[in-house]
Each structure stands twice: as C-alpha cells, then as structure tokens.
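Student: Could you work out the structure for the sequence below:
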Amino acid sequence: MPVAATPRPPTPSPPFRPRCHRIRPLYLLTCCALLFIVGCAMLNRYILVPKQNLTVTPARYGIPYQEVWFKTRDGVELNGWFLPGEPGRPLVLLFHGNAGNLSDNLGYLRLLRGSGLSLFIFDYRGFGRSNGEAFKEKDFYRDARGALAYLGQQGWSRDRIIFFGQSLGAAVALQMALEGKPAGLVMEGSFTSMEDMVKHVSRLAYFTVGWWGISLSFDNFHKIARAGVPLLLIHGDRDPVTPVEMSRRLFLRAGSPKMIHIIAGGGHCDAYEVAPASYLAVWQSYLLAIPAVGTAAASSDRS
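Tutor: Take a look at the predicted model:
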C-alpha cells in the first residue's frame, strides 16, 4: 500500500510591515523642475505684455520715415522704422518698453527728431507687426542684436549710435552697451532688477513663487557699473510703475561720466510730455557732453 505523504507544516507568513513609498531622487528632481518651469511660465506671461496693434505711423504728422524689416540670427523677422536726420548727427536707437509698440513712441520720435538726430526704433518679437514671441530675457537681446546688425549693414557703427531704452527697454539697452560700447547710453524709467520689481509690485507674489520662479533677471544694478559709457538717467518723481529711487541707486553705482535728471510730476516714461522743454534741454546738454557727438553737433551748428 502506498504510504500517505506527511503534510508539510505551513510556512509562517512574514510579519506585516507597512510598505514605504520612497521618493526616488530622480522623481523628486523632475517634480521640482516641472514646478520651476510652470512658475517661470506663469511669471513671464504675467510680466511680459506684448501689444500688437499699430495705431499710428509718422506719416500722420508728415514725418518722412522708412519702414524696414530685418531678421534675427534665429530667423525671426522684425519690423522697425528709420527716421533720417541731419548729416553728421548721431543716430538714436530706441528700445521701447513693455506693453507698447512703435506707435506708442511717436512722441519721443517727434521731439528728438527736432534736434536733427536720426532715429531707429523696432518692435521686439511678438510686439507690433514683428513675428514670433518674446518669452525669455534672451529673446529681447537677440532682437536687439538683430537691430544692431541691420544698422551696421546700413553703415552705422556703434560709436555713432546712442542707445536709448525706456523701462524694460533700458535693460536691453544696457546689455547691448556691455556687448559693444555705443556713443552713449540713455535710460529712462529704469529699474534695478526684475527681482526688485516683483518685490515692489507684490511682496506676496515674490515670497510665494517669485523668489524661485523669476527667469527674467534684467539685473541692471549689477551690470551698470561695467557699462563704461556716457550715461544719462531720466525718471519722473511720480512714477507709479518703477520707483524713482531705483534710478538714484543706479546712478550711484554707475561710473563716470554720468548725469541724472528727475522730472517733477513725471510719471512712467512720460517726462517728455510733462516737461518737454526741460526734457529736450537735458538731452541737448548730454549730447554736448559726449566728445565725438558734441564735436559733430558743434560742426553742424557752424555750417
């Protein structure tokens, strides 16, 4: 007879241990990176406000101008205006601010053109009729380099160009001055850094997402000491956007030669409207203080 197999005793179950869901380092880094990207995207879109529609051109005021198109090195086509001035006079390359375009700056063009200056203004990508989208800080610098390359092809060397930036455009003008010295640098309604601006507008926004999510540094405060070109700072003392104290801080940090002009009652980039005579006078004083430009101006006046 077959012998029945002796049943084996059951294997005791291992003691219950709660399962730990360990967060792998790669997973944690991925989540942090995504959060950082989303935060940057939210802030960038909140800060950058392109305006597409052109409402007016110099033709409305009978001002001769040329509409131009040029490409950046990464292939984006940009739109600009060139207003010819008197022979021997410098050219002012205008970097306009945020939330505007060419047509919002005709007041500046009309006033400065009265001094016989040639003028060139362009729209960044995504602004006005320019193609593309300005989303990162380097996009503005790429566009500015494209404008300078175009002007160089037209025979304008940097030593005959004054960089004039307003608000956000002042940061672009300063960066271009660091990359190659112009005849002069004018910064109006400028700020110390984008970090300082976010703090100024909303400390809550800065301490929640701003301190880690700002990818638009535009750090004028640390750059301006290295500019090394004749500098003019203009600011309205009632500027509701960028505090006038920011321009005063930039002035103290900048090297010589330098000038600062505070417009009493001036708001954000409207000093030429509040006090046009004073505004134009400080420009004239500044032009005479630039050796090469001043010599050309004096020669032009004698002829």
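
Student: All the helices of the stretch 151-300 of the chain, in order from the start?
Tutor: For the stretch 151-300 of the chain, the helices defined by DSSP state H, counting those that start in this stretch cover 168-179, 194-201, 203-205, 211-213, 220-223, 244-253, 271-274, 276-289, 291-302.

Student: Go through these and find the least confident stretch.
Tutor: Note on these: lowest mean pLDDT is at helix 211-213, with a mean of 46.

Student: Report the contact partners of the closest residue in space to Asp123 that isn't next to it in sequence.
Tutor: Once flanking residues are discounted, Asp123 sits nearest to Ser130: 4.3 Å by CB to CB, 6 or more residues apart in numbering. The C-beta positions use only the backbone N, C-alpha and C, and glycine is treated the same way. Ser130 makes contact with Val76, Glu77, Leu78, Asn79, Phe122, Asp123, Tyr124, Asp143, according to CB atoms under 8 Å, 6 or more residues apart in numbering.

Student: got a winner among those residues for most neighbours?
Tutor: The most crowded member of the contacts of Ser130, judged by other CB atoms under 10 Å, is Tyr124 (30 neighbours).

Student: show me what contacts that one?
Tutor: Pro50, Leu78, Ser130, Ala134, Asp139, Phe140, Asp143.

Student: Secondary structure element holding the second one?
Tutor: Right, the one you point to is Leu78. Secondary structure from DSSP states H and E places Leu78 in strand 77-83.

Student: How about the fourth one?
Tutor: With elements taken from DSSP H and E, nothing contains Ala134; it lies in neither a helix nor a strand.

Student: Next one: it from Thr72, what distance?
Tutor: For Ala134, the distance to Thr72 equals 11 Å [CB to CB, to the nearest Å].

Student: got any residues that touch both of these two?
Tutor: Arg125, Asp143.

Student: Return the set of buried residues in stretch 89-105.
Tutor: Neighbour counts over stretch 89-105 (16 or more other CB atoms under 10 Å) mark 89-98, 100-105 as buried.

Student: List just the nearest of those residues to Leu148.
Tutor: Proximity of those to Leu148 (CB to CB) peaks at Leu93, which lies at 7.4 Å.

Student: What pairs with the strand or helix carrying that closest one, parallel or antiparallel?
Tutor: Using DSSP H and E, Leu93 maps to strand 91-95. The strands that strand 91-95 pairs with in its sheet are strand 118-122 (parallel), strand 161-166 (parallel) (by DSSP bridges).

Student: Distance to Leu185 for those strands - can I get that in a markdown table?
Tutor: Formatted as a markdown table, these follow (distance: least, CB to CB, whole Å):
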| stretch | distance to Leu185 |
| --- | --- |
| strand 118-122 | 15 |
| strand 161-166 | 5 |
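
Student: residue contacts, Asp270?
Tutor: So Asp270 contacts Gly236 (CB under 8 Å, 6+ apart).

Student: ok, Tyr61 - how many residues close by?
Tutor: For Tyr61, the neighbour count with other CB under 10 Å is 12.

Student: That one reaches Arg110, doesn't it?
Tutor: Yes. If you go by CB atoms under 8 Å, Tyr61 and Arg110 touch, sitting 6.3 Å apart.

Student: surely Thr57 meets Ser103?
Tutor: Yes. Counting by CB under 8 Å, Ser103 is a contact partner of Thr57 at 6.9 Å.

Student: From Ser103, how far out is Met187?
Tutor: Met187 sits at a distance of 22 Å from Ser103 (criterion: CB to CB).

Student: Quick one: residues in contact with stretch 189-204.
Tutor: Contacts for stretch 189-204 (CB under 8 Å, 6+ apart): 43, 47, 97, 165-167, 170-171, 174, 205-206, 210-211, 214, 216-222, 233-236, 239, 241-243, 246-247, 249-250, 268-269.

Student: In ChimeraX, how would I select just the buried ones from those residues?
Tutor: Of these, the buried ones can be selected in ChimeraX as follows, counting by 16+ other CB under 10 Å:
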select :43,47,97,165,166,167,170,171,174,205,206,210,214,216,218,219,220,221,233,234,235,236,239,241,242,243,246,247,249,250,268,269
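
Student: Perfect, that will be all.
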